[in-house]
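Asker: From the sequence below, what's the structure:
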Amino acid sequence: MSSDALTEPEIASIRTILREAFGDGDDAFAEDDWTHALGGTHFVLDLDGEIVTHAAIVERQLWIRERPVRTGYIEAVATDPGHQSRGFGSVVMEAVTDHVRESFDLGALGTGRLSFYQRLGWEAWKGPAYVRDPGGLIRTRDDEGYILVLRTPMSPSFEGTEPLSCLARVGEPW
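Answerer: As a prediction, the model looks like this:
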C-alpha cells in the first residue's frame with residue numbers, strides 16, 4: 001500500500017514496531033528514518049489483525065559510476081520484537097524483493113544485518129560509496145560494507161566495485 005493509504009492506527013503501530021525493534025542509542029530509529037520511508041510502497045504482515053512486520057520501498061536515483069539508475073530503496077524494515085525469529089521478516093522481504101525485481105532497475109539498502117538479506121539474493125556493494133551534494137561527491141566510508149544491492153532483469157551491467165552514489169538527504173544518506 002502507498003504511504004497515503006496508511007491509516008493513523010497503522011502508522012502508529014508501524015512506528016511502535018520500528019522504535020521497539022531498533023531500540024535506543026546509536027541504532028535508534030529516528031524521525032529522519034521515518035521520513036525516508038514515506039512516499040513509496042509499504043509492505044506489512046499482520047497476525048490476527050495486528051501488524052507485526054513492516055518494510056517500505058521508496059524510489060531513489062543512485063549512480064553507478066556516472067550512470068543514473070532508477071532504484072527501489074528499502075527502508076524501515078522491522079518485526080515486532082515479540083514476533084521475531086518466526087520467519088515474518090523473511091516473508092515480507094521476499095515480497096519486497098520480488099516487487100523490486102519487477103519494478104526497478106536496481107534494488108538497494110543499507111544494513112548491518114548483511115546475511116539476512118544476502119540469503120534472499122542481495123549482494124554487498126564492494127566499491128566506494130559517495131553522496132552527491134551541491135559541492136560535489138563526498139565519500140561515505142562509514143557506509144561502505146553496509147550497502148547491499150539487488151540485481152533485477154532491468155539492471156545495467158556492473159561489477160559491484162565501481163563508485164556508487166546517492167543524493168544527499170537529511171539524516172543518514174544511505
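Asker: dump the residue contacts of residue 18.
Answerer: The contact partners of residue 18, by Cβ atoms under 8 Å, 6 or more residues apart in numbering, come to 29, 33, 34, 54, 76, 78. Backbone N, C-alpha and C define where each C-beta goes, glycine included.
Asker: ok, the closest residue to it other than its chain neighbours to residue 22 distance?
Answerer: Distance criterion Cβ to Cβ, 6 or more residues apart in numbering; nearest residue to residue 18, sequence neighbours excluded, is residue 29 at 4.3 Å. Going from residue 29 to residue 22 by Cβ to Cβ, to the nearest Å gives 4 Å.
Asker: what is in contact with these two at once?
Answerer: Common contacts of residue 29 and residue 22 (Cβ under 8 Å, 6+ apart): residue 78.
Asker: residues contacting residue 57?
Answerer: Contacts of residue 57 (Cβ under 8 Å, 6+ apart): 40, 41, 43, 72, 73, 74, 75, 96, 99, 100.
Asker: Go again with 10 Å.
Answerer: 37, 40-43, 71-76, 96-97, 99-100, 103-104, 107, 109 (Cβ atoms under 10 Å, 6 or more residues apart in numbering).
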